[in-house]
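Novice: Kindly return the folded structure for what I paste below:
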Amino acid sequence: MPTHLHFGEEDLLKCRFAVSPLWETQEAVRTLNRPARHGYHAHWLRRIRAAAAGLDLAPLWLLMPQRGHTPDWLGPPPIGPAATFEEEIQAVRSADPEAAREDTALSLADTPGALESPEGRALLADPPRMIRELADLMEEAWHTLIEPDWPRLRALLEADIAFHSRRLAEVGLGGLLPEIDRRFGWNARTLTVERNGEHERHLGGQGLVLMPSVFSWPDVISGFEPPWQPTVAYPARGIGGLWAEPGDRTPDALVRLLGRGRAAVLTALDEPAGTTALAHRLRLAPSSVSAHLAALRDAGLLTSRRYGHQVLYERTPLGIALASGGG
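Specialist: Residues are numbered from 1 along each chain as shown. From the prediction side, this is the model:
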């Protein structure tokens with residue numbers, strides 16, 4: 001059963017992309033409890049297994065039904081295009097207790113027995129305490145599961161936005177949306193999203209937030225009831241190579257041609273990325289990565305452009321040919 005989102009004139013002018021570290025934290029927690037999502041994240045799961053075992057995620061999992069509603073107050077739409085986790089978790093801590101209680105009850109009702117369980121009743125009995133404890137748990141999950149890899153994750157998400165922003169300029173919103181995901185359809189100013197559960201909403205001048213996500217794969221997630229801004233989260237481009245280690249995929253011939261450092265940088269640029277993200281991914285000093293990027297750009301293998309707070313590098317056709325052909 002699909003979701004139908006109806007656009008008016010004002011909505012067409014208020015669509016935006018956003019990145020949300022809070023959302024990625026929530027979806028990483030969900031992924032730990034969903035084996036069907038593990039395919040692309042096996043390396044990450046092995047690496048964080050011991051740290052994750054020290055988290056008591058059961059209260060959050062209780063509010064993540066297999067099919068149904070996850071409380072909007074616990075993972076609201078992004079408050080800006082590049083909000084920090086600290087800004088987003090503060091919005092969670094500021095949730096209205098009574099509204100949060102009603103929202104939580106809707107979620108518990110979608111898991112058989114959860115609403116009447118001792119855990120469910122305890123959440124609803126003291127909404128201020130519920131908000132405080134779940135926000136604390138979400139913050140602990142952020143520091144344990146996401147923060148160490150956030151530069152890598154953010155670079156991938158921002159590269160997705162940069163790519164789709166260019167396509168938006170080329171083909172317009174109606175042409176872009178079906179390109180973002182095969183489950184998106186566009187007709188007569190209505191976005192149809194194929195997903196579990198039926199939902200219909202007139203955007204009413206609020207526009208739409210389009211949010212790439214690493215950990216929501218393979219799901220497309222849409223919804224957010226009023227007064228929240230309508231948001232659609234979709235799997236980001238390039239997650240197949242997200243956790244690959246540089247030494248596992250740098251061709252020997254390319255190393256002989258460019259040197260190990262420059263070959264590793266060129267190979268790592270499956271998606272556009274900045275100096276800090278590449279340094280984190282490759283475990284190299286940012287100054288070394290910066291020097292390699294400059295040399296590769298001067299050789300015509302990379303181009304660079306500014307996106308938000310950073311400069312993103314991506315391969316030229318010659319750089320793509322070398323990286324894929326091994327020199």
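
Novice: contacts, neighbours, all on C-alpha from now
Specialist: OK.

Novice: can you list the weak-confidence ranges in the stretch 101-250 of the chain?
Specialist: Where the stretch 101-250 of the chain drops to pLDDT under 70, the residues are 196-197, 223-224, 244-250.

Novice: 80 - rerun?
Specialist: Flagging of the stretch 101-250 of the chain using pLDDT under 80 yields the residue ranges 195-199, 223-227, 240-241, 244-250.

Novice: how about the strands in it?
Specialist: Taking DSSP state E, counting those that start in this stretch as the criterion, the stretch 101-250 of the chain carries its strands at 184-187, 190-194, 199-202, 209-213, 221-223, 231-235.

Novice: Could you say which of those is packed most deeply?
Specialist: By mean neighbour count, with neighbours taken as mean count of other Cα atoms under 10 Å, strand 209-213 ranks first of the strands of the stretch 101-250 of the chain at a mean of 25.

Novice: picking up where we left off before, in TSV: the strands of the stretch 101-250 of the chain, plus distance to Arg16.
Specialist: As requested, these are exported to TSV (distance: least, Cα to Cα, whole Å):
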stretch	distance to Arg16
strand 184-187	16
strand 190-194	15
strand 199-202	17
strand 209-213	5
strand 221-223	15
strand 231-235	10
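
Novice: And the ones you listed: which comes nearest Ala321?
Specialist: Smallest distance to Ala321 across the strands of the stretch 101-250 of the chain (Cα to Cα): 26.4 Å, for strand 231-235.

Novice: Give me the helices and strands touching that closest one, please.
Specialist: strand 209-213, strand 221-223 (3 or more Cα pairs under 8 Å, 6 or more residues apart in numbering; DSSP states H and E).

Novice: Tell me which of the strands of the stretch 101-250 of the chain approaches Asp103 most closely.
Specialist: Between Asp103 and the strands of the stretch 101-250 of the chain, the shortest gap by Cα to Cα is with strand 221-223, which sits at 13.3 Å.

Novice: Name the residues of the helix or strand encompassing Arg256 that are buried.
Specialist: Here Arg256 sits within helix 252-258, counting by DSSP states H and E. Neighbour counts over helix 252-258 (16 or more other Cα atoms under 10 Å) mark Leu254, Val255 as buried.

Novice: Give me the distance from it to the chain's centre.
Specialist: Offset of helix 252-258 from its chain centre (Cα atoms, centre = their mean, to the nearest Å): 34 Å.

Novice: And the average pLDDT for it is what?
Specialist: Average pLDDT, helix 252-258: 84.

Novice: about what we covered before: could I get the helices and strands packed on strand 231-235 in JSON lines, plus columns for distance to Ala95?
Specialist: Listed next are the helices and strands packed on strand 231-235 as JSON lines, based on distance: least, Cα to Cα, whole Å:
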{"stretch": "strand 209-213", "distance to Ala95": "20"}
{"stretch": "strand 221-223", "distance to Ala95": "18"}
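
Novice: before we move on, back to that, quick one, which of the strands of the stretch 101-250 of the chain is nearest to Arg47?
Specialist: strand 209-213 (20.1 Å).

Novice: which helices and strands sit right next to the closest one?
Specialist: Here strand 209-213 touches strand 16-17, helix 150-180, strand 231-235, going by 3+ Cα pairs under 8 Å, 6+ apart.

Novice: hmm, back to that, could you list every helix and strand that the helix holding Arg256 packs against?
Specialist: With contacts defined as 3+ Cα pairs under 8 Å, 6+ apart, helix 252-258 has these neighbours: helix 260-268.

Novice: Could I get the buried residue list for the helix it packs on?
Specialist: So, applying 16+ other Cα under 10 Å, buried residues of helix 260-268: Gly261, Arg262, Ala263, Ala264, Val265, Leu266, Thr267, Ala268.

Novice: For Pro128, see how far away the last one is.
Specialist: With the distance defined as Cα to Cα, to the nearest Å, Ala268 ends up 45 Å from Pro128.

Novice: on that earlier part again, for Ser107, which of the helices and strands packed on strand 231-235 is the nearest?
Specialist: Judged by Cα to Cα, the one of these that comes nearest to Ser107 is strand 221-223, at 13.4 Å.

Novice: my guess is Ile89 meets Glu140, correct?
Specialist: No: with contact defined as Cα atoms under 8 Å, Ile89 does not reach Glu140; the gap is 11.1 Å.

Novice: more crowded one of these two?
Specialist: Taking other Cα atoms under 10 Å, Ile89 and Glu140 do not tie; Ile89 has more neighbours (20 against 16).
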